[in-house]
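K.L.:
coords please:
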Amino acid sequence: MLLDNVAEVGILRITQRRIAEAGRFNRSNENFPGGVVMTTAIDRRSFLARSAATAGGVVTAGTLTDLAMAGTAGASTYSGVLRVGLLDIPTAGIGPAFGKMDAAGFSMMRAIYDPLFVIDNKGVAQGFLAESGTPSKDYKSWTIKLRSGIKFHDGTSLNADVLIKNMNQWIHPRAIAHYAVAPLIQPKGKTSANVVKVDNLTVKLTLNYPWVSFLNTLAEQQIAYVQASANIDDNIDGTDPVKIKAGTAPKVGDKAPIGTGPFVFNHCDWDVDSIFYADHNAEYWIAGLPNVNRVEFHPVVDGVARVSALGTGATDLDIVVAMEANAIKAFKNNPGAANSDLSHYVDDSSAAAQKIRNPAVNSVQFNCRTSLVYKASPFSNYIGGKFSLTGKGFLARKAVCEAVNRAQVVSTVGFGILSNANQVFPTSSVYGKSKVAFPAYSKTQAIKDAKSAGLTKFNLMATSDSNAVASANAIQGFCAAAGITVTIVYKDQSTLINNCLVGNYDATLWNQFGGVNPDVNFPWWNTLDGSNGALVSINMAGNFDPVIESTMLAAMGAGVPKTQTSKWAAVMAQINKDLPYMFTSYQVSAVISHTKCNGWQNPSVTVGGKTINLLNHEGLTPWLSQIVLTA
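P.N.:
A predicted model of the protein is given here:
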């Protein structure tokens, strides 16, 4: 049952003021363009104070009220409140079709919803809500069979009908997922997916193209998660322009999410600094899970502030996810840091981890289109009204890439955590090295190309965490040295993503493209979801290159990674040729908890009599259902 509200007594609400206090940075370094020095220090005394038990050592995980709630529920196997620190709260809600999901959104989705498939620790897709996924010989049709006896939080059953309804929601014209999925599964001239019901638990979905790794998408992308029928109805009605104008559109849907997952949504105000609350699902279909009474997601924009809030006090954070190099360095600089008796730490920087899953890449993403809402991007391929991949927009992008000493940026803001990136995927991956080199740093050439492009200034979007601020300032300084004025525009994460979806920006700091198989990146680089002038495009760089698209489709039909190598290497080469991104570094994603928060480091789950050893965290999405809090 969904509750109308939740008391916040005894709960720490982490505000922008606390972020500012805990995550200060200094801009006084004369040796670096933009003059930036970021804090990487966590005060040991305050860290240990936060790690101390409450008075008398009675309560260390959750409040007395929390433990009492667990006791009255008659549950001896779960207790406490799990407090998770994330970058942000997706202000439009969380959902597989209408949601605008980032890393934080995926963590919340995994609490409320379950995916059809999951990735194991070998990088192989395994059935979760789905018992099996069987392809046709040409890999254009996939038969998905669901497990029996699973119910949503509202008591309705998971079956073929609701799965078909989810699939049709993916391609609803007002859904965000539409722009990513419809080109692949929606027949031309049709308003629904090419899916048929085989029996009460089985559907057959026919794609427009062969897709060997399709199950990876049903494990890693947001459409992997299955939503209750009531949510789908509310999402569609809630975005109906006629009902919105009449004031009759429901305001729930993704803001009152109903899934089959280990936690039941309780409350969230859906503001940028709101806390997301969800309660233990006593009827979860996997026996014995979850292990805590409640989960709370706390947004902390600044990475250092987020890490410094970790501790075992009643209102501290139990586990945090971090993608900011200065936050990871700050944690490691603390005397009680990684692998100590104060903390658990896992990241994805090892060669072994990257063989299983490509890391995301940090970049500046350029707006290469002329959208309905913004027609002035200096990086557009449509300057002068004519499409060109080698015109003034390209020269402007090239000028910025040449103006910035990317290696020095990474050296300074990467703190020895990050490695330089000159292509989408690391050269250590099975996809090899791009045959087209990324432009080298050259202020002289940058000045020349900027003059040819007519580039004198542009706006750069970024979030306000100290790592992003430092990166943006560094880029601003290098561009200034080449005669290009950069105005930094700070946005919250949700607004930044919205602006990218509708093409309302010049350039932005960006992070994306990680995954077990690069096929999951097709939506971000295809031309099928729309073109220049479309209102929304999942190809948020707006670089509509038919060579990239056709090569990706060939790779998707080629099979396992070793048979895809030459095709994805060709994609990387074409991206380096077009320059829709200025790559800087490969992201390191870390998950950190105190030692009384266990179970997420090497998670496994038994479904259908089969034990699956799970990938411990995909990017920034740990398995929260496995966590046990101990006193």
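
K.L.:
and for stretch 383-401, what's in contact with it?
P.N.:
Residues outside stretch 383-401 that contact it (C-beta atoms under 8 Å, 6 or more residues apart in numbering) are 364, 366, 368, 370, 377-382, 438-439, 446-447, 449-450, 452-455, 458, 479, 482, 484, 507, 532, 543, 545, 578-580, 582. No exception for glycine: its C-beta is placed from N, CA and C like everyone else's.

K.L.:
quick one: which of those residues sit in helices?
P.N.:
Judged by DSSP state H, the subset of these located in helices is 446-447, 449-450, 452-453, 479, 578.

K.L.:
narrow those residues to those that are buried.
P.N.:
Using 16 or more other C-beta atoms under 10 Å as the burial test, the ones in helices among the contacts of stretch 383-401 include 446-447, 449-450, 453, 479, 578 as buried.

K.L.:
what's the farthest-apart pair in these?
P.N.:
Ile447 and Asp578 (22.0 Å; C-beta to C-beta).

K.L.:
SS state for Val198?
P.N.:
Following DSSP: H, G, I helix; E, B strand; the rest coil, Val198 is assigned to strand.

K.L.:
the closest residue to it other than its chain neighbours: what's it in contact with?
P.N.:
Leaving out its chain neighbours, the residue that sits closest to Val198 by C-beta to C-beta, 6 or more residues apart in numbering is Lys204, at 5.5 Å. For Lys204, the contact set (C-beta under 8 Å, 6+ apart) comprises 141-144, 195-196, 198.

K.L.:
so which of those residues sit within helices?
P.N.:
Secondary structure assignment by DSSP H places none of these in helices.

K.L.:
top of those residues by neighbour count?
P.N.:
Ranked by the number of neighbours (other C-beta atoms under 10 Å), the contacts of Lys204 place Ile144 first, at 26 neighbours.

K.L.:
give the buried residues for the helix or strand that Asn231 is a member of.
P.N.:
When elements are assigned from DSSP states H and E, Asn231 belongs to helix 229-238. Going by neighbour count (16+ other C-beta under 10 Å), the buried part of helix 229-238 is 229-232, 234-238.

K.L.:
gap between that helix and the chain center?
P.N.:
24 Å (C-alpha atoms, centre = their mean, to the nearest Å).

K.L.:
what residues does it touch?
P.N.:
95, 97-98, 154, 156, 162, 165-166, 169, 172, 174-175, 243-244, 249-254, 256-258.

K.L.:
show me these that map onto helices.
P.N.:
162, 165-166, 169, 243-244.

K.L.:
same list, these, but as a markdown table with pLDDT, distance to Gly133 and neighbour count please.
P.N.:
Listed next are those as a markdown table, based on pLDDT from 0 to 100; distance: C-beta to C-beta, whole Å; neighbours: other C-beta atoms under 10 Å:
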| residue | pLDDT | distance to Gly133 | neighbour count |
| --- | --- | --- | --- |
| Val162 | 97 | 17 | 18 |
| Lys165 | 95 | 19 | 15 |
| Asn166 | 94 | 15 | 26 |
| Gln169 | 91 | 19 | 25 |
| Lys243 | 84 | 36 | 14 |
| Ile244 | 82 | 37 | 13 |
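
K.L.:
dump these to JSON lines, plus distance to Ile223.
P.N.:
Formatted as JSON lines, these follow (distance: C-beta to C-beta, whole Å):
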{"residue": "Val162", "distance to Ile223": "14"}
{"residue": "Lys165", "distance to Ile223": "13"}
{"residue": "Asn166", "distance to Ile223": "8"}
{"residue": "Gln169", "distance to Ile223": "9"}
{"residue": "Lys243", "distance to Ile223": "25"}
{"residue": "Ile244", "distance to Ile223": "25"}
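
K.L.:
could you pull up phi and psi at the nearest residue to Val272 once chain neighbours are set aside?
P.N.:
Spatial nearest neighbour of Val272, chain neighbours left out: Asp492 (4.7 Å); criterion: C-beta to C-beta, 6+ apart. Torsion angles at Asp492 (phi, psi; degrees, to the nearest 10) stand at phi -70, psi 160.

K.L.:
could you check the pLDDT of Asp492?
P.N.:
Reported pLDDT at Asp492 in the predicted model: 89.

K.L.:
ok, now which ones touch it?
P.N.:
Per C-beta under 8 Å, 6+ apart, neighbours of Asp492: 88, 91, 272, 301, 463-464.

K.L.:
farthest pair in these?
P.N.:
Top of the distance list for these (C-beta to C-beta): Thr91 and Ser464, 15.3 Å.

K.L.:
surely Asn168 touches Ala193?
P.N.:
Yes: contact criterion C-beta atoms under 8 Å: Asn168 and Ala193 qualify, at 5.5 Å.

K.L.:
who has more neighbours out of those two?
P.N.:
Shown here are Asn168 and Ala193; by other C-beta under 10 Å, Ala193 has more neighbours (23 against 19).

K.L.:
what distance do you get for that one to Thr584?
P.N.:
38 Å (C-beta to C-beta, to the nearest Å).

K.L.:
next, the distance between the ends of stretch 370-388.
P.N.:
12 Å (C-alpha to C-alpha, to the nearest Å).

K.L.:
what would the ones in helices among the contacts of stretch 383-401 look like in JSON lines with pLDDT and distance to Phe297?
P.N.:
Output for those, formatted as JSON lines (pLDDT from 0 to 100; distance: C-beta to C-beta, whole Å):
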{"residue": "Ala446", "pLDDT": "97", "distance to Phe297": "42"}
{"residue": "Ile447", "pLDDT": "98", "distance to Phe297": "46"}
{"residue": "Asp449", "pLDDT": "97", "distance to Phe297": "44"}
{"residue": "Ala450", "pLDDT": "97", "distance to Phe297": "43"}
{"residue": "Ser452", "pLDDT": "97", "distance to Phe297": "48"}
{"residue": "Ala453", "pLDDT": "96", "distance to Phe297": "43"}
{"residue": "Cys479", "pLDDT": "97", "distance to Phe297": "36"}
{"residue": "Asp578", "pLDDT": "96", "distance to Phe297": "37"}
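
K.L.:
tell me the one of the residues you listed nearest Ala103?
P.N.:
Using C-beta to C-beta, the ones in helices among the contacts of stretch 383-401 come closest to Ala103 at Asp578, 26.1 Å.

K.L.:
quick one, what contacts that closest one?
P.N.:
368, 389, 394, 543, 545, 548.

K.L.:
out of the residues you listed, what pair is the most spread apart?
P.N.:
Across the contacts of Asp578, no pair lies farther apart than Phe394 and Ile548, at 14.3 Å, counting by C-beta to C-beta.

K.L.:
okay, Pro426: pLDDT?
P.N.:
pLDDT recorded at Pro426 is 89.

K.L.:
now the one 10 residues further on
P.N.:
We have a pLDDT of 92 for Val436.

K.L.:
contacting residues around it?
P.N.:
572-574, 576-577.

K.L.:
closest one to Asn281 out of these, please.
P.N.:
Nearest to Asn281 among the contacts of Val436, counting by C-beta to C-beta, is Met572 at 42.4 Å.

K.L.:
quick check: that closest one touching Gln423?
P.N.:
Yes: using C-beta under 8 Å, Met572 is in contact with Gln423, at 4.7 Å.

K.L.:
residues in contact with the closest residue to Leu158 other than its chain neighbours?
P.N.:
Of all residues not flanking Leu158 in the chain, Ile150 sits nearest, at 4.2 Å (C-beta to C-beta, 6+ apart). For Ile150, the contact set (C-beta under 8 Å, 6+ apart) comprises 129, 157-158, 260, 285.

K.L.:
can you pull the contacts of Asp279?
P.N.:
Counted by C-beta under 8 Å, 6+ apart, Asp279 has contacts 3, 263-264, 266, 293-294.

K.L.:
one more pass at 7 Å, please.
P.N.:
By C-beta atoms under 7 Å, 6 or more residues apart in numbering, the residues touching Asp279 are 263-264, 266, 294.
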